[in-house]
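In: My questions concern the predicted model and sequence given below.
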Amino acid sequence: MSQQAISVDNLNLYYGQNHALKNISMDIDKNSVTALIGPSGCGKSTFLRTLNRMNDMIPGVKIEGQINIHNQNIYSDQVHVEMLRKNVGMVFQAPNPFPKSIYDNVAYGPRIHGLRDKKKLDELIEKSLRGAAIWDEVKDRLKDKATGLSGGQQQRLCIARALAVEPEVLLMDEPTSALDPISTAKIEELIQELKTSYTIVIVTHNMQQAARISDKTAFFLSGDLIEYNKTEQLFSTPKHKQTEDYITGRFG
Amino acid sequence: MSAEKTLSKEHTNQQTSSSLRNHSHSSSQVQRRRGWNYLFHALFLLATLVGIIVLAFLLFDIVKRGWSWLTPDFFENFASRLPSRSGFKAAIWGSLWMIGVTAPLTFILGVSTAIYLEEYSKKNWLSRFIQLNISNLAGVPSIVYGILGLTLFVRILGLGSSVLAGSLTMTLLVLPIVIVASRESIASVPSILKQASYAMGASRWQTIRHVVLPYALPGVLTGTILALSRAIGETAPLIMVGAVTFVAFTPENLFSPFTVMPIQIYQWIGLPRIEFQQLAAAGIIVLLIVLLTMNAIAILLRNKFQR
């Protein structure tokens, strides 16, 4: 039933001397939500950023192993990082809209990839804003500054902005940690809708959130992938002592 | 119940008053502390007033001497032996020519350097060395740039004492200021905005063009204008390069000899007749107005783009 979208094989990552990810191997299903959990500094965000090569920009990072996304090794020389990132979108922890209009925020990605046709751009922007469940709230003020929106709206705008380049995979790095509970609920609901068309990998500090929204959960600890399983199983019958300790709140 | 409340209230009242009384010893200490506060308040006010009063006196003195000389003739006439026929025209046009060449050169070179250092260069010892030296260059006395300009542009490149040689010397002089200001402005662009751009597949140049520069532009422009207002008031390096003091024509091209406002003012002040002193005052008024206008533009730009 489930095809795999991402396949990670023996991934190791070093920040200088620091061995931040150790022999990570995991397959991520297409059109599903995969949650990455673990205490701060366990490597879950670093792992997320290897999937769209955002770690490349940090000096002193060395990466070994292989990551295939749709059967293409993303660290091979043939892959242009710009095209990879077009296919693997990202939503960040804090909402980070550009200080431009709502329209220009969503149009940013399509424009840098060469879309100039005004009519197509309009259609794409409406589709992306609808996709991020914010169209009704902003359709009458597309020319307003995006920085005037509320935090929750800004984050959905950032999701719309990521959708506008039509990616296949969406990476989310604690997308609700800066939001209030109502905005968080909206985004969680949105994630459920998005997974029918996108493969979603989400880092979260909130275990209830992981349990609510994800199909599979991976538990990281000090750079190791300790346990990776269907979410119900990982939370109900964890196989490892460390997983059990973490999800029952004994540390982290 | 209410009686109890009143009681407890009285009790606390007693407590507070007694605790205040217990500290009556320290109330003299409070007075002493306040005394010191008043003293320093007055001292700082005085320090501020010194600057303001001196400036106001200077302005008053200059306006009083020079105002009556600010006639249309003053802007139409060239330098002359006779005060009544002397004017500021050559100096104004010389300054305009010089700024006209210096402004685009410093802007393009300065901003490009700042972008390279902030966005492209690897953060290694070489880039740190370059940055340190640029900051040092911003503090080098202007006369040293004059010597450099004389050697490099006037002599080696054979440009002579021309508008071009003067402008290039001025460019070197203010370039470090523009680079430092632009770098600070570019470095203040939040990295989460740049990351958002890269995460959508933007190249480095696209990110610079569409995210970094729009955000940094007000700071860059402010820095550039303030640097140029320094250039327009500089005298020493241009005297070194050989800008002439007695000019009876406006520059025709980049290779014409020229003078600038501060040099003309300097020359008039050196002449013995009182009328020339008044002409110098009139020149100072014009130069001040130009400088204040440039600074006002810088402030307006900053406010207009401020988020």
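Out: That came through fine.
In: Flag every residue of the stretch 1-150 of chain B that's near chain A.
Out: On the criterion CB under 8 Å from any CB of the partner chain, chain A has as its neighbours in the stretch 1-150 of chain B the residues B:122, B:123. Where you see a C-beta, it was placed from the backbone N, CA and C, and this is true even at glycine.
In: Residue ranges in the stretch 1-150 of chain B under the pLDDT threshold?
Out: Per-residue confidence of the stretch 1-150 of chain B (counting by pLDDT under 70) places the weak regions at B:1-25.
In: Looking at it, what residue ends up closest to chain A?
Out: Among the residues of the stretch 1-150 of chain B, residue B:123 lies nearest to chain A; the distance is 6.7 Å by CB to the nearest CB.
In: tell me the SS of the nearest residue to that residue once chain neighbours are set aside?
Out: Nearest-residue entry for residue B:123: residue A:59, 6.7 Å, with adjacent residues in sequence omitted and distances by CB to CB, 6 or more residues apart in numbering or on different chains. Three-state call for residue A:59 (DSSP: H, G, I helix; E, B strand; the rest coil): coil.
In: Need the phi and psi values for residue A:59.
Out: phi -70, psi 140 (degrees, to the nearest 10).
In: Make sure it is actually in contact with residue B:122.
Out: Yes. Residue A:59 is in contact with residue B:122 according to CB atoms under 8 Å; the separation is 7.2 Å.
In: overlap in contacts of these two?
Out: Overlap between the contact sets of residue A:59 and residue B:122, as judged by CB atoms under 8 Å, 6 or more residues apart in numbering or on different chains, is nil.
In: contacting residues for the closest residue to residue B:250 other than its chain neighbours?
Out: Spatial nearest neighbour of residue B:250, excluding adjacent residues (CB to CB, 6+ apart): residue B:93 at 4.0 Å. Residues in contact with residue B:93, defined by CB under 8 Å, 6+ apart, are B:250, B:251, B:258.
In: go with 10 Å
Out: Each residue near residue B:93 by CB atoms under 10 Å, 6 or more residues apart in numbering or on different chains is listed here: B:78, B:163, B:247, B:249, B:250, B:251, B:256, B:258, B:259, B:260, B:261.
In: Likewise for residue A:210?
Out: Taking CB under 10 Å, 6+ apart, we find residue A:210 in contact with A:33-37, A:202-204, A:216-219, A:231, A:234-235, A:247.
In: And for residue A:87, the neighbour number?
Out: Using other CB atoms under 10 Å in any protein chain shown, residue A:87 has 18 neighbouring residues.
In: can I assume it is in contact with residue A:162?
Out: No. Contact between residue A:87 and residue A:162 fails when scored by CB atoms under 10 Å: they sit 11.4 Å apart.
In: mind checking pLDDT for the most centrally placed residue in chain B?
Out: When chain B is reduced to its mean C-alpha position, the nearest residue by CA atoms, centre = their mean turns out to be residue B:226, at 3.6 Å. We note a pLDDT of 90 for residue B:226 in this prediction.
In: For chain A, see how far away it is.
Out: Residue B:226 sits at a distance of 24 Å from chain A (criterion: CB to the nearest CB, to the nearest Å).
In: Kindly list the longest helix within chain B.
Out: As assigned by DSSP state H, the longest helix anywhere in chain B is helix B:24-66.
In: Ignoring the adjacent residues along the chain, who's closest to the closest residue to chain B within the stretch 151-252 of chain A?
Out: Across the stretch 151-252 of chain A, the shortest distance to chain B (CB to the nearest CB) belongs to residue A:165, at 5.4 Å. Excluding the flanking residues, the one nearest residue A:165 by CB to CB, 6+ apart is residue A:109, at 3.8 Å.
In: Ok, residue A:184 next?
Out: Once its chain neighbours are removed from consideration, residue A:184 has its nearest residue in residue A:176; the separation is 4.1 Å (CB to CB, 6+ apart).
In: Could you pull up the residues touching the one you found?
Out: Contact analysis of residue A:176 by CB under 10 Å, 6+ apart lists A:91, A:93, A:152, A:155, A:183-188, A:191, A:202, A:204-206, A:209, A:213.
In: how does it look with 7 Å?
Out: By CB atoms under 7 Å, 6 or more residues apart in numbering or on different chains, the contact set of residue A:176 is A:184, A:187, A:209.
In: How about the secondary structure of residue B:167?
Out: Assignment for residue B:167 (three-state DSSP): helix.
In: Now do it, the pLDDT please.
Out: As summarised for this prediction, residue B:167 has a pLDDT of 94.
In: Which elements pack onto the longest helix of chain B?
Out: Under the contact criterion of 3 or more CB pairs under 7 Å, 6 or more residues apart in numbering or on different chains; DSSP states H and E, the helices and strands touching helix B:24-66 comprise helix B:274-305.
In: is the helix it packs on anywhere near chain A?
Out: No. Under the criterion of CB under 7 Å from any CB of the partner chain, helix B:274-305 makes no contact with chain A; the nearest approach is 9.8 Å.
In: re earlier: contacts only, for the residue nearest to residue A:165.
Out: With CB under 7 Å, 6+ apart as the criterion, the residues that contact residue A:109 are A:161, A:164, A:165, B:200.
In: Show only the entries of these found in helices.
Out: With helices defined by DSSP H, the entries of those inside them are residue A:161.
In: out of the contacts of residue A:109, which is most surrounded?
Out: When neighbours are counted as other CB under 10 Å, the busiest of the contacts of residue A:109 turns out to be residue A:161, with 30 neighbours.
In: if we can go back for a sec, report how many residues lie close to the residue of the stretch 1-150 of chain B closest to chain A.
Out: Neighbour count of residue B:123, defined by other CB under 10 Å: 11.
In: is it fair to say it lies in a strand?
Out: No. Assigned with three-state DSSP, residue B:123 falls outside any strand and is coil.
In: Next, give phi and psi for it.
Out: Backbone torsions of residue B:123, given as degrees, to the nearest 10, read phi -80, psi 80.
In: Surely residue B:73 and residue B:87 touch.
Out: Yes. Applying CB atoms under 7 Å, one finds residue B:73 in contact with residue B:87, separated by 6.2 Å.
In: remind me which residues of the stretch 1-150 of chain A are low pLDDT?
Out: By pLDDT under 70, the low-scoring segments of the stretch 1-150 of chain A are A:1-2.
In: Within range of chain B, give me the residues from it.
Out: Along the stretch 1-150 of chain A, the residues adjacent to chain B under the rule CB under 7 Å from any CB are A:52, A:54, A:59, A:82-83, A:85-86, A:89-90, A:92, A:94, A:96, A:98-99, A:108-109, A:112-113.
In: burial count for residue B:121?
Out: When neighbours are defined as other CB under 10 Å, residue B:121 has 15 of them.
In: In this structure it contacts residue B:127, no?
Out: Yes. Contact status for residue B:121 versus residue B:127: in contact at 4.4 Å, counting by CB under 7 Å.
In: residue boundaries of the strands in the stretch 151-252 of chain A?
Out: Listed in chain order, the strands of the stretch 151-252 of chain A (DSSP state E, counting those that start in this stretch) span residues A:169-173, A:199-203, A:216-221, A:224-230.
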